[in-house]
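Enquirer: what would the 3D arrangement of this be:
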Amino acid sequence: MKAGLSIQKADSSFLCAFAIVGVLGFLLLQALNAWGGQSLILDEVVELGPVEEGGEAVFQIPLKNDSASPLQILSVDPYCDYVEVFPFPSSLEAGEEVLIKGRIDTSGTLGGIAKTLEIMTSASSEPEIVKITVKVIHPSVSPRQIKDIFRGRCGNCHAGADVGSRKGKMLYSAVCYMCHKDYRTIRHLDTGDIRHSISAGIRNTAMPAFGSKDGGPLNEEQIDSLVEVLTEDR
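Expert: Predicted coordinates:
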């Protein structure tokens, strides 16, 4: 009788130990799956070469599963209407690498622009952040010809005869619209940076200085009116 009880106790102890090991193994596996900081490899900054304004900047972001188990790609969000992400696979096998592809519409932009992608995977509860930078150049004006934008036929639009009497949206339509058709790409910038860019221009781009102090056609009051237009409805 005592021998039977001993065998039953031994069997129970074995089952309990087996169950504990199973639970610990499951918890360890869950912890390894949740700890995804080292399991995903990608470039945090992607730099694209010069693109003419109005053209498409195409990007490719390598994404590699560096873990021993499959990963799920849950979402890739640009949070910008000017960025399109192409269809991507929903999962990555262990060691597999894919390219996240897409394009940026540069219409109405000039100079250096930066866009951000948030890539959410099952490797982490936090998204991976990728910054994409693009240098946008004007197709018809080289840096050495910037001042010519206020002369001749270019000047008819950028600095028409009655430009001195215009302010606000009328001024924007007269001198800015042809290069910046949609100022949603600009108005998120710091107010001081916007004012300085209009007044003094942007170095190494086709954005000229519009301020009269730097040889442009606009006075301070007009520049202030443009800044007001660009920062309204924030």
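
Enquirer: what residues of the host helix or strand of V46 count as buried?
Expert: Following DSSP states H and E, one finds V46 within strand 45-52. By neighbour count with 16 or more other Cβ atoms under 10 Å, strand 45-52 contains the buried residues V46, L48, V51. C-beta: built from backbone N, CA, C; applies to glycine.

Enquirer: got it, and stretch 50-66?
Expert: Neighbour counts over stretch 50-66 (16+ other Cβ under 10 Å) mark V51, E53, G55, A57, F59, I61, L63, N65, D66 as buried.

Enquirer: G215 contacts A209, doesn't it?
Expert: Yes: using Cβ atoms under 8 Å, G215 is in contact with A209, at 6.3 Å.

Enquirer: so which of the two has more stuff around it?
Expert: Here G215 and A209 are compared on neighbour count by other Cβ atoms under 10 Å; more neighbours surround A209, at 20 against 12.

Enquirer: what secondary structure does S199 sit in?
Expert: helix (DSSP: H, G, I helix; E, B strand; the rest coil).

Enquirer: that one reaches P208, doesn't it?
Expert: No: the criterion here is Cβ under 8 Å, and S199 misses it with P208 at 10.6 Å.

Enquirer: surely T106 touches P50?
Expert: No: using Cβ under 8 Å, T106 is not in contact with P50; the gap is 10.4 Å.

Enquirer: quick check: neighbours shared by the two?
Expert: Common contacts of T106 and P50 (Cβ atoms under 8 Å, 6 or more residues apart in numbering): V136.

Enquirer: identify the residues contacting the closest residue in space to K135 that isn't next to it in sequence.
Expert: Excluding the flanking residues, the one nearest K135 by Cβ to Cβ, 6 or more residues apart in numbering is P50, at 4.8 Å. Going by Cβ under 8 Å, 6+ apart, P50 touches K135, V136, I137.

Enquirer: give me the element H196 is part of.
Expert: For H196, the host element (DSSP H and E) is helix 191-200.

Enquirer: so where's the protein shaky on pLDDT?
Expert: The model of the chain has pLDDT under 70 over residues 1-38, 108-111, 138-162, 178-179, 181-185, 187, 204-206, 233-234.

Enquirer: show me it divided up by domain.
Expert: 1-34, 40-137, 143-231 (automatic domain parsing).

Enquirer: would you mark the buried spots in the helix holding H196?
Expert: Neighbour counts over helix 191-200 (16+ other Cβ under 10 Å) mark I194, R195, H196, S197, I198, S199, A200 as buried.

Enquirer: ok, S39 touching A123?
Expert: Yes: using Cβ under 8 Å, S39 makes contact with A123 at a distance of 4.9 Å.

Enquirer: the two: which has the busier surroundings?
Expert: Taking other Cβ under 10 Å, S39 and A123 do not tie; A123 has more neighbours (25 against 21).
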